[in-house]
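Novice: Sequence and computational prediction follow.
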Amino acid sequence: MAQLSAEEIGKKSKKEERRLMWLSMKQNKACYAMIAPFMIFFIIFTVIPVVMSLPMGFTDFNMAQAPKFIGLSNYTTLFLSDKIFIKSIRVTIVFALFTGPVSYVLCFLLAWLINELHPKLKTVFTLIFYAPSMANVYTVWQLIFSGDMNGYINSFLINLGLINSPIQWLTDANYVLGVTIVVQLWISLGAGFLALRAGFQNIDRSMYEAGAIEGIKTRWQELIYIVIPSMGPQLMFAAVMQIVSSFTAGTVAQNLVGFPSTDYRAHTIMTHAYDYGWVRYEMGYSAAICMILFIVMYILNNLISRLLSKYMD
Amino acid sequence: MAQTMVNTDKMKASNKQAGRKIGGTVAIFVFLTLLGLFMVLPIYLTIIMSIKPVEELFIFPPKLYAMRPTLSNFGDMFDALNSNRVPFSRYVFNSIAVTVSVTVLQCIFASMAAFVLAKCRFPGSKIINSVIVVALLYQSNVIYIMQYIVMAKLGLIDNPLALILPSIASPMGLFLMRQSIGQIPDAMIEAAKVDGAGLFRICWQIVMPNQKPALMTLIIFAFQAAWNIQTGTVVFQEQYKTLPTVVTQAASAGLARAGVAMAAAVFMLVPPIVVFMLAQRQVIETMAHSGIKD
């Protein structure tokens, strides 16, 4: 009897809850109206495709026939018998470790240093550092790292007398990952960098003035006590952008050192997914690969947002 | 160098910030210049190669300048573009139409949604906020297929709208604006509410004027992405193709046409750089007078 009444109370409070929610939804009509234009397009072109693609990792899907449910078999194959996948995990970790944190620090450092300059110089330097990510000119990279003597780097090193014969930067298994990392770093001052630049511009001048009165003496103190605490949201944005670009990199390697790269040395997880998806048409398997990558990125994102949470409002 | 000194002097005069030594500013300038030369090298080489005649492209040692600069690569590129059945101006029109509509709609929609998500609590707001982050992080080949299926269901295949509609709602743009709008003190919005302003008016008359840096940054991102939209697999008719599609076609005929490829790259880079410069100037001018206080 007592149990029943407890259940009834539960039911009632749930009903009450729903009524309250409906009320507050009605109260917030204006909010829904403001968000609707974005949400309509977002749901149709992003949410629906994402939701439709989530279960694909559990299927055998070749794009010609309807997907067939095969349980966890894609995942077991991946971890138990796909040696190249295991290799690609290693490549991705090395790649992300080198490009992610380095480029994140570089984005922040350069955004800050540029902020110290005269306004006219700010625009010029921001353009110079951002420009490489605007132009995806792989042809020029191929010419710079070209394996014959005509390559800029080879001819430079030969002229200096450091090497006697040209190095095969783009095909030698020892170099392909390094070259890919360098080029990725070169083009990585992108969205995160610009958002941080904007964040610096958004800090109110009176904060600096107050800081100066309260005894802040150097640029470094100013950076630590005034700038960083008020840039939490931009730091978070840049972190998310950095996670995405360093973990899902693949196009740089594919365009630069070819596909597949020598001995799979620059074969990232995303390249592996591309291989199975668009070369072999095993979309189910490809989706499983992407799902694993997503889970890793999601966990990392939550870790970073916890780290930065003290700077968030 | 003298130029720098003048600049740092001016800066010092205009700045009430703590502990600015001229030496430090000059050191920063020198460091950024050296690193900047290194960063700009690929772009510089691209421009140089676009004005090199073919016979200069493969000499040893490779030169960092053009001995006999020529515009023939650009000429060849425009010849290739003009040999299509559709006049060149049509591609230009298509690209401008796509870029302008995507950029404008993306900025308006993302700003309004970001304001509400950052500053209002309503049933569903938390879920939407986390869905945005998931959408940013979840990258998969399969999404393209599903997007294609959705567009096919809507009858958008081979319809020019297919170039615009999918790019309007950008989770990245929303995320950027939301992060930035979140920094505005609630008191400012509360005060406007007390004065009887509706959400729409608060958004456009109070919040957005204070969001110039973020909005200009969003414009740069949106323009750049929209300008590079390729016609690819969704639109096949020649008269709906965009510039990047036809320029890539004109440039992709082997390394012998490396010069033309470079010319194409330079040509496509000009509008984003112009927009970048205009927008960045706005970003930088906003400092100092933001008037936001906690």
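Specialist: Received it, and whenever you're ready, just let me know what you need. Just so it is clear, the model here is predicted, and its values are computed rather than measured. Residues are numbered from 1 along each chain as shown, chains lettered A, B, ... in the order given.
Novice: Could you use CA atoms for every contact and neighbour count after this?
Specialist: Fine.
Novice: how long is stretch B:73-90 from one end to the other?
Specialist: 22 Å (C-alpha to C-alpha, to the nearest Å).
Novice: Spell out whether it and chain A are in contact.
Specialist: No - judged by C-alpha under 8 Å from any C-alpha of the partner chain, stretch B:73-90 makes no contact with chain A; its nearest approach is 15.1 Å.
Novice: Flag every buried residue along that stretch.
Specialist: B:73-74, B:76-78, B:80-81, B:88, B:90 (16 or more other C-alpha atoms under 10 Å in any protein chain shown).
Novice: Of these, which is the nearest to chain A?
Specialist: Nearest to chain A among those is B:Asn73, at 15.1 Å by C-alpha to the nearest C-alpha.
Novice: The closest one reaches B:Gly259, doesn't it?
Specialist: Yes - contact criterion C-alpha atoms under 8 Å: B:Asn73 and B:Gly259 qualify, at 5.7 Å.
Novice: Kindly point out which residues are neighbours of both of these two.
Specialist: Between them, B:Asn73 and B:Gly259 share these contacting residues under C-alpha atoms under 8 Å, 6 or more residues apart in numbering or on different chains: B:50-53.
Novice: And B:Cys107, what's its pLDDT?
Specialist: The model reports B:Cys107 with a pLDDT of 95.
Novice: what about the longest helix in the chain?
Specialist: Just so you know, I chose chain A. Looking across chain A with DSSP state H, the single longest helix is helix A:83-115.
Novice: switch to chain B, that's the one I care about
Specialist: helix B:88-119.
Novice: Where does pLDDT dip in the stretch 1-150 of chain B?
Specialist: B:1-19, B:60 (pLDDT under 70).
Novice: Recalculate using a threshold of 50.
Specialist: Within the stretch 1-150 of chain B, the ranges that satisfy pLDDT under 50 run B:1-15.
Novice: Give me the three-state assignment for A:Ile153.
Specialist: For A:Ile153, the assignment made with DSSP: H, G, I helix; E, B strand; the rest coil gives helix.
Novice: And the residue of the stretch 1-150 of chain A that's closest to chain B?
Specialist: A:Ile35 (4.3 Å).
Novice: most surrounded residue in the shared contacts of B:Asn73 and B:Gly259?
Specialist: Per-residue neighbour counts (other C-alpha atoms under 10 Å in any protein chain shown) across the shared contacts of B:Asn73 and B:Gly259 peak at B:Ser50, which has 28 neighbours.
Novice: can you pull the contacts of that residue?
Specialist: Shown in contact with B:Ser50 (C-alpha under 8 Å, 6+ apart): B:71, B:73-74, B:259-263, B:266.
Novice: Just the buried residues of those residues.
Specialist: B:73-74, B:259-263, B:266.
Novice: Return the closest of these with respect to B:Thr245.
Specialist: Minimum distance to B:Thr245 across these is 12.9 Å, recorded for B:Ala261 (C-alpha to C-alpha).
Novice: do you know how far the closest residue to the closest one other than its chain neighbours is from B:Pro62?
Specialist: Nearest non-adjacent residue to B:Ala261, counting by C-alpha to C-alpha, 6 or more residues apart in numbering or on different chains: B:Ala251, 4.4 Å away. In this view, B:Ala251 and B:Pro62 are 22 Å apart by C-alpha to C-alpha.
Novice: cool, and A:Tyr225?
Specialist: From A:Tyr225 to B:Pro62 the distance is 49 Å (C-alpha to C-alpha).
Novice: more neighbours, these two?
Specialist: For A:Tyr225 versus B:Pro62, the count of surrounding residues by other C-alpha under 10 Å is larger for B:Pro62: 20 against 12.
Novice: just checking, the more buried one touches A:Ile153?
Specialist: No - counting by C-alpha under 8 Å, A:Ile153 is not a contact partner of B:Pro62; they are 9.8 Å apart.
Novice: List the residues that contact B:Phe109.
Specialist: With C-alpha under 8 Å, 6+ apart, B:Phe109 has these contacts: A:35, A:37-38, B:168-169.
Novice: Enumerate every residue touching B:Asn159.
Specialist: Contacts of B:Asn159 (C-alpha under 8 Å, 6+ apart): B:234-235.
Novice: Quick check: phi and psi on it?
Specialist: With angles defined as degrees, to the nearest 10, B:Asn159 sits at phi -110, psi 130.
Novice: For it, report the pLDDT, please.
Specialist: pLDDT, B:Asn159: 88.
Novice: just A:Val102 next, same as before
Specialist: 92.
Novice: give the contact list for residue 244.
Specialist: You didn't pick a chain, so chain A it is. A:Val244 touches A:297, B:136-137, counting by C-alpha under 8 Å, 6+ apart.
Novice: please go with chain B instead
Specialist: B:227-230, B:268.
Novice: what subset of those residues is also close to chain A?
Specialist: Of the contacts of B:Pro244, not one also sits near chain A (C-alpha under 8 Å from any C-alpha).
Novice: where's the dip in pLDDT among those residues?
Specialist: Comparing these by pLDDT, B:Gln230 comes last, at 84.
Novice: In which helix or strand does the closest residue in space to that one that isn't next to it in sequence reside?
Specialist: Distances taken as C-alpha to C-alpha, 6+ apart place B:Thr245 nearest to B:Gln230, at 5.2 Å, with adjacent residues excluded. Taking DSSP states H and E as the criterion, B:Thr245 maps to helix B:243-251.
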